[in-house]
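Novice: Build me a model:
(chains A and B)
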There are 2 protein chains.
Amino acid sequence: MKFGIVFFPTVSPADKPAPQYFDEALRLVDLAEELGFDHVKMVEHYFFPYGGYSPDPVTFLAAAAGRTSRVRLGTSATIPAFVHPVKLAGKLAMLDNISHGRLDAAFGRAFLPDEFKAFGIPMDESKSRFVENVEAVKRLWTREDVVWEGTYHQFGPVTLLPRPVQQPHPPVFVTTAKSPESSAEAGRAGHHLQTVPNVMSTEELQDRLRVYRSEWAAGGREAGTERIHLTYPCVVAHDSAEARAKGRFDDERNTAALSAAVASWATTTSSAYPGYERMASIGESRFEEKLAGKKLIVGSPNQVHEQLEQLAEWFGHDITLSLGVHSGHLSVDDAATTLRLLAEQVIPKFSGTP
Amino acid sequence: MKFGIVFFPTVSPADKPAPQYFDEALRLVDLAEELGFDHVKMVEHYFFPYGGYSPDPVTFLAAAAGRTSRVRLGTSATIPAFVHPVKLAGKLAMLDNISHGRLDAAFGRAFLPDEFKAFGIPMDESKSRFVENVEAVKRLWTREDVVWEGTYHQFGPVTLLPRPVQQPHPPVFVTTAKSPESSAEAGRAGHHLQTVPNVMSTEELQDRLRVYRSEWAAGGREAGTERIHLTYPCVVAHDSAEARAKGRFDDERNTAALSAAVASWATTTSSAYPGYERMASIGESRFEEKLAGKKLIVGSPNQVHEQLEQLAEWFGHDITLSLGVHSGHLSVDDAATTLRLLAEQVIPKFSGTP
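Specialist: Predicted coordinates for the structure are as follows:
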């Protein structure tokens, strides 16, 4: 099992000004680098406190690249539908070069109606644009004199510069959420997988991972070379009650931010997002229920160790966890404590990094 | 007079691999920070050795932001026509936040037919897209609940996050080249000015700066608050002959890179780019002629001091020079020597930073 961190800010300017949030996040990047965590990631969202501080994860990751030399750098995810593939392939390739091959490129379809509306992209085209644009980015990375005759973009012959450092191309992850088909397709396409356990039951996730791994291997790929990143909010403190109080507060704030961002699902339906209209009534945080279901990782080092053992048993010892340790609502010192306790008292009990 | 550096790589992967180029550039960023230079900038180009290592200057500048705390960070320029204004405003605002208000945002129209073709943008629309998109970016930075009903983009109401640190917005520069009208329009719009003296005669540039400054002041703005950035290639060495040999070699390589990038002007005409078709026959470097005309800054510290005195006399003591010290064809040690000699022996003779 490997461990990294994912930044998903849910603070507004009134909660915590963006310059302060980025200072704190970069301090945690330095700590993750020092403590041996596998990766740091940043989300892409717009307009709302729900991730809106980061409309371009590559910009943050490049700042992280400029001050680190070991930790991997991941988008979590970036949205191909909102940018020209030449631009996306180019800036990711720059990041791969500046970081000497430390990029993990995760791509997502997005799911917030207001984001699609701002970019003038019909939600019903989300899937077809995703598939086309990820393929275009990979083509630009791996081939020269690329001629692209897609539905949404046509260009070429062009040869992208700079060429990515990682060959044949940086690891490509597909971020899936509710759609069961997406996991199968990711395996079939030879893409790595990133998902959020909180949006489905444990049994559903087990099913999807089974299908994903089997499709991966069916393509003639070596079993075990696929990479699975699971995202969890995480608060660790010496004292169990303190961790729970902070974890509950953080979850309440994250839930409120999500709730505001998905409000427009009340007046939206899309055949490409079946059932998403129910998100509009997301309700309160249900912290205890999530904790009992191991949808978030909160507790003392011993409690967290037990939670992680359970995840390894459910989903496999080869998974990687991306821990959301700093939404911005708790102090940066709280987040640093989480990282230190994980690195010193929890992670050494598992094989892998750190 | 102020002094900064601009990175305009013109190396191909065979000349110098991109990871090495970026390592060297970041080493020079550190040196510029330490020596007190005003700014570091990065260009935006695609596909060709002529700037193609940097399809997204914000990615490089963010890496620079992550390891510096004083030097300003500039695009030189970024091209609004090739990206959605929400995306461009968002990533520039992130950079402004990560760097605590050190962004200088220069916008350009672009001029290479192959770039427009790849993005599916007609060159004849270059001007109108530029004007609309720069305005949209400024609107997103300065207002909330923005509703945009443009020719090329429609969106809103949306409120951009993160809000930029610099108020009312980061300094906006317009990069002009051959078009005389552009300088007047930049002054009228209250934009700062960035230009390349090599594409016109000294008298033409003097005329344009006169018009620019007068339009700036006519808008009721205080004279002297406008900022003018002039870009020059620059090689300084202890020995005059050595500086000239290196300067000539660098100019030959830069000219060859430009020549390859503009080849498609042989088969292109655009009403928006009158006379540009002549670029297709750019010919050889004419180093001696450029040196005599002070279109590049090359020599021993004393010679360079004299050249700079001449520029100040021609264009005003309030100008800022952006020096192209590392196209990648000379060694990074050569570029570091240029920076050190400037900082130690030349710049102290002028008022301003360093």
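Novice: going forward, measure contacts and count neighbours with C-alpha atoms only.
Specialist: OK.
Novice: Any buried residues in the host helix or strand of A:Gln310, and which?
Specialist: If you go by DSSP states H and E, A:Gln310 is part of helix A:301-315. Residues of helix A:301-315 classed as buried by neighbour count (16 or more other CA atoms under 10 Å in any protein chain shown): A:301, A:304-305, A:307-308, A:311-312, A:315.
Novice: Can you name the next helix or strand after that helix?
Specialist: Next along the chain after helix A:301-315, taking DSSP H and E as the criterion, comes strand A:320-324.
Novice: and the stretch 151-300 of chain A, which residues reach chain B?
Specialist: Within reach of chain B by CA under 8 Å from any CA of the partner chain, the stretch 151-300 of chain A has these residues: A:154-156, A:158-163, A:165.
Novice: Pretty sure A:Val211 sits against A:Ser183.
Specialist: Yes. Contact criterion CA atoms under 8 Å: A:Val211 and A:Ser183 qualify, at 7.2 Å.
Novice: Can you find the residue of the stretch 201-350 of chain A that comes nearest to chain B?
Specialist: A:Ala261 (12.2 Å; CA to the nearest CA).
Novice: count of residues packed around that residue?
Specialist: By the criterion of other CA atoms under 10 Å in any protein chain shown, A:Ala261 has 24 neighbours.
Novice: Backbone dihedrals for it, please?
Specialist: With angles defined as degrees, to the nearest 10, A:Ala261 shows backbone torsions of phi -70, psi -30.
Novice: Hmm, A:Phe48 and it touching each other?
Specialist: Yes. Taking CA under 8 Å as the definition, A:Ala261 is a contact partner of A:Phe48 at 6.0 Å.
Novice: most surrounded residue in the residues of the stretch 151-300 of chain A next to chain B?
Specialist: That'd be A:Pro162 among these, by other CA under 10 Å, with 30 neighbours.
Novice: Which residue ranges of the stretch 151-300 of chain A form strands?
Specialist: A:154-158, A:172-176, A:192-195, A:228-236, A:297-299 (DSSP state E, counting those that start in this stretch).
Novice: Export those as TSV, with columns for mean pLDDT.
Specialist: As requested, the strands of the stretch 151-300 of chain A are arranged in TSV below (pLDDT from 0 to 100):
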stretch	mean pLDDT
strand A:154-158	97
strand A:172-176	95
strand A:192-195	97
strand A:228-236	98
strand A:297-299	98
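Novice: for the ones you listed, which one ends up most surrounded?
Specialist: strand A:297-299 (a mean of 26; mean count of other CA atoms under 10 Å in any protein chain shown).
Novice: quick one: strands adjacent to that one?
Specialist: Here strand A:297-299 is paired, per DSSP bridges, with strand A:228-236 (parallel).
Novice: Could the C-alpha coordinates of the strand it pairs with be exported in CSV?
Specialist: Output of strand A:228-236 as CSV, limited to C-alpha atoms (Å, rounded to 0.1, in the frame of the first residue of the first chain):
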residue,chain,number,x,y,z
ILE,A,228,-5.5,2.1,-8.2
HIS,A,229,-5.7,5.4,-6.3
LEU,A,230,-8.5,5.7,-3.7
THR,A,231,-9.3,9.1,-2.3
TYR,A,232,-10.2,9.6,1.4
PRO,A,233,-10.5,12.6,3.7
CYS,A,234,-8.1,12.0,6.6
VAL,A,235,-7.5,13.5,10.1
VAL,A,236,-5.1,11.8,12.5
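Novice: Run through who's touching it.
Specialist: With CA atoms under 8 Å, 6 or more residues apart in numbering or on different chains as the test, strand A:228-236 has contacts from A:6, A:192-198, A:243-244, A:246-247, A:295-301, A:304, A:318-325, A:334-335, A:337-339, A:341-342.
Novice: Can you name every helix or strand that the helix or strand harbouring A:Asp114 contacts?
Specialist: If you go by DSSP H and E, A:Asp114 is part of helix A:113-119. Contacts defined by 3 or more CA pairs under 8 Å, 6 or more residues apart in numbering or on different chains; DSSP states H and E place helix A:113-119 against strand B:154-158.
Novice: Now do the strand it packs on: distance to the chain's middle.
Specialist: Centroid separation for strand B:154-158 versus its chain: 30 Å, with CA atoms, centre = their mean, to the nearest Å.
Novice: so who does A:Ser322 touch?
Specialist: By CA under 8 Å, 6+ apart, A:Ser322 lies in contact with A:3-6, A:39, A:229-232.
Novice: Max pairwise distance over those residues: which two?
Specialist: Greatest spatial distance in the contacts of A:Ser322: A:His39 and A:Tyr232, 14.1 Å, computed using CA to CA.
Novice: where does A:Ala106 land in three-state SS?
Specialist: Per DSSP: H, G, I helix; E, B strand; the rest coil, the secondary structure class of A:Ala106 is strand.
Novice: sorry, back to before: right, so of the strands of the stretch 151-300 of chain A, which gets closest to B:Asp124?
Specialist: Of the strands of the stretch 151-300 of chain A, nearest to B:Asp124 by CA to CA is strand A:154-158, at 18.1 Å.
Novice: So in that sheet, which strands flank that closest one, and in what orientation?
Specialist: Here strand A:154-158 is paired, per DSSP bridges, with strand A:146-149 (antiparallel).
Novice: What lies in contact with the partner strand?
Specialist: Strand A:146-149 is contacted from outside by A:136, A:139-140, A:154-159, using CA under 8 Å, 6+ apart.
Novice: repeat for stretch A:156-170
Specialist: A:86, A:89-90, A:93-94, A:96-97, A:100-101, A:103-105, A:138, A:140-148, B:13, B:18-19, B:46-48, B:52-55, B:118.
Novice: ok, now with 6 Å
Specialist: Outside stretch A:156-170, the residues within contact range by CA atoms under 6 Å, 6 or more residues apart in numbering or on different chains are A:93, A:96-97, A:101, A:140, A:144-147, B:47, B:52-53.
Novice: now swap in stretch A:128-143 and tell me
Specialist: A:80-81, A:85, A:89, A:109, A:160.
Novice: In PyMOL, select just the buried ones from the residues you listed.
Specialist: Applying 16+ other CA under 10 Å to the contacts of stretch A:128-143, the buried members can be selected in PyMOL as follows:
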select buried, chain A and resi 80+81+85+89+109+160
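Novice: and the residue nearest the centre of chain A, what is it in contact with?
Specialist: Central residue of chain A (CA atoms, centre = their mean): A:Ser76, 2.9 Å from the mean position. Neighbour list for A:Ser76: A:41-43, A:106 [criterion: CA under 6 Å, 6+ apart].
Novice: Now the buried members of those.
Specialist: Buried members of the contacts of A:Ser76, counted by 16+ other CA under 10 Å: A:41-43, A:106.
Novice: Can I get these in JSON lines including pLDDT, distance to chain B and secondary structure?
Specialist: Listed next are the buried ones among the contacts of A:Ser76 as JSON lines, based on pLDDT from 0 to 100; distance: CA to the nearest CA, whole Å; DSSP: H, G, I helix; E, B strand; the rest coil:
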{"residue": "A:Lys41", "pLDDT": "98", "distance to chain B": "15", "secondary structure": "strand"}
{"residue": "A:Met42", "pLDDT": "98", "distance to chain B": "12", "secondary structure": "strand"}
{"residue": "A:Val43", "pLDDT": "98", "distance to chain B": "13", "secondary structure": "coil"}
{"residue": "A:Ala106", "pLDDT": "98", "distance to chain B": "17", "secondary structure": "strand"}
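Novice: Which one of those is nearest to A:His238?
Specialist: Using CA to CA, the buried ones among the contacts of A:Ser76 come closest to A:His238 at A:Lys41, 25.6 Å.
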